[in-house]
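Student: heads up, no residue letters with this:
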């Protein structure tokens, strides 16, 4: 095209976006020009050869070119060489459509070259105008930078390929289940595991591949997952291969979100543990077997509990009057009764259950069980089997049996703890008649058996970190600011519920577990203090945390080092820790405790005399001890009920403590009258239900962000 022709074409193109009201677009020219120049995407008008006749600023910015470098040049010169054929194809499709009097827009995605030499991905849209009065047609091109979108698509595609690869190559079976349990998609590992082709497996449901005896709980489990009551469920169950053989598998079911809008689905992961189960079965065979019955021994039962963390139940069976039978018919008859009883217990238990002889006339069955329902079924079967007469040397013999059971839903109890509960249920069962069954209930515990059970469980709870820690706020009365918190231990037992602190701390003291309890509480308190300082910032800079310490702990040779290690682990300044001790812990008759107190004070740790005034505490004695704080016992203020009341002893203690440089904290504040009196006497700090009940660590962060409380009316 000659330069003159180009000038004419440019003038006509400009008319398309000028103020010419006869524009083929039929719009006001000024508005059209404004829209053209201000468009957020690149817009250009090209002649029949694809040369740019008119462009907006957005197109120049997109191509990183000056206007003069673009005008007059074919669009094709800005397209990457590898993409030019695709660009021409898109353009010519638009031309062909226009020739057929069809105004259509052709879209393509092309790799373009910028003025800086970089390449960018661009979304290109061509529209060919109708011929104008001179018969000329123009190409309107819209360009939008989609480089970042392409990068995101490539990243997502890579992730998708990796996920698909992980799905296909996973060594465990993976499948996507529809809400009704159909196996919509499965990976090769699952297909091989179950011996089905992909098509055959796609026609089956989860219940179809489950063992018939394990199907009852499938539908309720799916309903709980779909309703959001469970996020996932993990257990070992039996499944059927295509040849009818049984496979043991550890499987996980979890809810998944379908981003493509196809509805809910459940993700299945399955690992074949048949070999592991067989190995364990062989191990059971190799372990000590009861020489008379061939059942597992007590030792085998204990070992099984140590290697499994699944929810389980223990059923204990006692054959009664066996000694009388031995006396009448002879020991050999008693042995045959034990052998036949063992065989019947095998028959009434499941393949996955472990049947053992505990010794003498006692048997036990250990079974996977979440809520005790499996134990109930096995116990009922055992009662029915053992109620039938036994034929021994052509003599019909009947023996009575009692059955007790207990369930451990957490899968954490060991044999002795489970036996204590099951034996207690068995003992109570003796009044229920022959061949009956009793399940353990917490109400069965008397004081002695309760303590035995609690001691074992408290030891386990401390080992597992299951004793919780809460904090009661302590406020500075002058400023109303949260100044400190007292650390309190709380324990919720699996089956007995909440255990009162006085009960389990007393038990810890008697059982020699107090060191463990204090160390657990101290480590948790220091860790939480570090969290508060990070999350609450300046509001927690001077916050202290108080921890109660028993006399035995304070006197321990390693106690100062243990406290120092807790501070170091949590990165907490020593001066922010307050150890609350009683006066008896610092008696002159225990020089080790006094020496440790001096060491701790030397580290910068504050020491508070707890329950001051409840015993034989005296301010004179305080001058001889490394004490920084005193905590007034609640008995001092509990009788203050009327406004304007006086408490000269409290006033004197606060005044004298101030002279000694001791900080005073009053506990047990429950009324505004009591708070007003303490404020009037210039008591430094106070705590009690009026000011705040024990709170979780997260709640302390919230309290630190709140304004000061009102300490006077």
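Tutor: All right, it came through fine. Since the structure is predicted, the reported quantities are computational estimates derived from the model, not experimental observations. Numbers count the residues shown, from 1 in each chain.

Student: Could I get the phi/psi values of the residue minimising distance to the centre of the chain?
Tutor: Of all residues in the chain, the one closest to the mean position by CA atoms, centre = their mean is residue 231, 10.2 Å from it. When read as degrees, to the nearest 10, the backbone of residue 231 gives phi -90, psi -40.

Student: Can you give me the distance of residue 187 to residue 175?
Tutor: 7 Å (CB to CB, to the nearest Å). (Each C-beta comes from the backbone N, C-alpha and C, glycine too.)

Student: So for those two, which residue has more residues nearby?
Tutor: For residue 187 versus residue 175, neighbours defined as other CB atoms under 10 Å are more numerous around residue 175 (25 against 22).

Student: what helix or strand is that one on?
Tutor: Per DSSP states H and E: residue 175 is located in strand 173-177.

Student: Residue 536 too?
Tutor: Per DSSP H and E, the secondary structure element for residue 536 is helix 514-536.

Student: So which bits of that helix are buried?
Tutor: Taking 16 or more other CB atoms under 10 Å as the basis for neighbour counts, the residues of helix 514-536 that come out buried are 514-533, 536.

Student: What of stretch 552-560?
Tutor: Residues 552-556, 559-560 are the ones in stretch 552-560 that count as buried (16+ other CB under 10 Å).

Student: go on, stretch 394-405?
Tutor: The neighbour-count check on stretch 394-405 (16+ other CB under 10 Å) flags 397, 399, 401-405 as buried.

Student: of those, closest to residue 167?
Tutor: The shortest distance between residue 167 and any of the buried residues of stretch 394-405, using CB to CB, involves residue 405 and amounts to 42.4 Å.

Student: and the closest one, what helix or strand is that in?
Tutor: Following DSSP H and E, one finds residue 405 within strand 400-408.

Student: ok, residue 482 to residue 542 distance?
Tutor: Residue 482 sits 10 Å away from residue 542, taking CB to CB as the criterion.

Student: Give me the more crowded residue out of the two.
Tutor: Neighbour totals were compared for residue 482 and residue 542, and residue 482 leads with 23 against 14 (other CB under 10 Å).

Student: for the stretch 451-600 of the chain, which spans come out with low pLDDT?
Tutor: Across the stretch 451-600 of the chain, the ranges flagged by pLDDT under 70 are 587-589.

Student: how about the strands in it?
Tutor: Listed from the start of the chain, the stretch 451-600 of the chain has strands (DSSP state E, counting those that start in this stretch) covering 468-476, 482-493, 497-499, 544-548, 577-581.

Student: Then the stretch 51-200 of the chain?
Tutor: Secondary structure of the stretch 51-200 of the chain (DSSP E, counting those that start in this stretch): strands located at 52-55, 105-113, 119-128, 139-145, 173-177, 183-186.

Student: what's the most buried one of those strands?
Tutor: When you average the neighbours per residue for each of those (mean count of other CB atoms under 10 Å), strand 52-55 leads with a mean of 23.

Student: Pull up the pairing partners for that strand, direction included.
Tutor: Neighbouring strands of strand 52-55 in its sheet, by DSSP bridges, are strand 42-46 (antiparallel).

Student: Tell me the backbone dihedrals of residue 240, please.
Tutor: In this entry, residue 240 is assigned phi and psi values of phi -100, psi 130 (degrees, to the nearest 10).

Student: Local confidence estimate at it?
Tutor: Per-residue pLDDT puts residue 240 at 92.

Student: Now do the helix or strand harbouring residue 237: which elements does it pack against?
Tutor: Remark: residue 237 resides in strand 232-240, with elements defined by DSSP H and E. Under the contact criterion of 3 or more CB pairs under 8 Å, 6 or more residues apart in numbering; DSSP states H and E, strand 232-240 touches helix 206-209, helix 218-226, strand 246-256.

Student: Show me which positions of stretch 67-78 end up buried.
Tutor: Neighbour-count burial for stretch 67-78, counted by 16+ other CB under 10 Å, picks out 70-72, 75-76, 78.

Student: Out of those residues, which comes closest to residue 570?
Tutor: Distance from residue 570 was checked for each of the buried residues of stretch 67-78 by CB to CB. The minimum falls on residue 78, at 61.8 Å.

Student: Next, work out how far apart the closest residue to that closest one other than its chain neighbours and residue 70 are.
Tutor: What sits nearest to residue 78 in space, not counting adjacent residues and going by CB to CB, 6 or more residues apart in numbering, is residue 112, at 5.3 Å. For residue 112, the distance to residue 70 equals 12 Å [CB to CB].

Student: Spell out the secondary structure type for residue 631.
Tutor: Reducing the assignment at residue 631 to three states with DSSP: H, G, I helix; E, B strand; the rest coil gives strand.

Student: Mind listing the residues bridging to it?
Tutor: The residues listed as beta-bridge partners of residue 631 by DSSP bridges are residue 665.

Student: can you tell me how far it sits from residue 554?
Tutor: Counting by CB to CB, the gap from residue 631 to residue 554 is 16 Å.

Student: hey, what's in contact with both of residue 112 and residue 70?
Tutor: With contacts defined as CB atoms under 8 Å, 6 or more residues apart in numbering, the residues shared by residue 112 and residue 70 are 63, 78.

Student: Residue 463 and residue 556: what is the separation?
Tutor: In this structure, residue 463 and residue 556 are separated by 19 Å, where distance is defined by CB to CB.

Student: I meant to write residue 563 there.
Tutor: Distance, residue 563 to residue 556, by CB to CB: 10 Å.

Student: Contact partners for residue 217?
Tutor: Residue 217 sits next to no residue when contact means CB under 8 Å, 6+ apart.

Student: per-residue pLDDT, it?
Tutor: Checking the pLDDT column for residue 217, the value is 82.

Student: show me what contacts residue 339?
Tutor: The neighbours of residue 339, taking CB under 8 Å, 6+ apart as the test, are 292-293.

Student: ok but it is inside a strand, no?
Tutor: No: when the secondary structure is assigned by three-state DSSP, residue 339 falls in helix instead of a strand.

Student: Could you tell me how far it is located from residue 292?
Tutor: Counting by CB to CB, the gap from residue 339 to residue 292 is 6 Å.

Student: swap in residue 332?
Tutor: Remark: distance between residue 332 and residue 292 (CB to CB) = 11 Å.

Student: likewise residue 578?
Tutor: Taking CB to CB, one finds residue 578 at 62 Å from residue 292.

Student: Go ahead and confirm residue 74 touches residue 50.
Tutor: Yes: checked against CB atoms under 8 Å, the pair residue 74 and residue 50 is within contact range at 4.6 Å.

Student: Run through the residues that contact residue 181.
Tutor: If a contact means CB under 8 Å, 6+ apart, then residue 181 has 205-207, 218, 222, 266 as its contacts.

Student: same thing but at 7 Å, please
Tutor: Counting by CB atoms under 7 Å, 6 or more residues apart in numbering, residue 181 makes contact with 205-207, 222.

Student: Now which of the residues you listed would you call buried?
Tutor: The neighbour-count criterion (16+ other CB under 10 Å) marks 206-207, 222 among these as buried.

Student: Make a markdown table out of those and add pLDDT and distance to residue 505.
Tutor: Rendered in a markdown table, the data for the buried ones among the contacts of residue 181 read as follows (pLDDT from 0 to 100; distance: CB to CB, whole Å):
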| residue | pLDDT | distance to residue 505 |
| --- | --- | --- |
| 206 | 91 | 48 |
| 207 | 91 | 50 |
| 222 | 89 | 45 |
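
Student: Tell me, how many residues neighbour residue 323?
Tutor: Residues within reach of residue 323, counting by other CB under 10 Å, total 12.

Student: That should have said residue 625, apologies.
Tutor: For residue 625, which is what you asked about, the neighbour count (other CB under 10 Å) is 16.

Student: how close does it get to residue 656?
Tutor: Per CB to CB, residue 625 is found 15 Å from residue 656.

Student: Next: residue 707.
Tutor: Per CB to CB, residue 707 is found 33 Å from residue 656.

Student: More neighbours: which of those two?
Tutor: Taking neighbours as other CB under 10 Å, residue 707 and residue 656 compare with residue 656 leading, 14 against 7.
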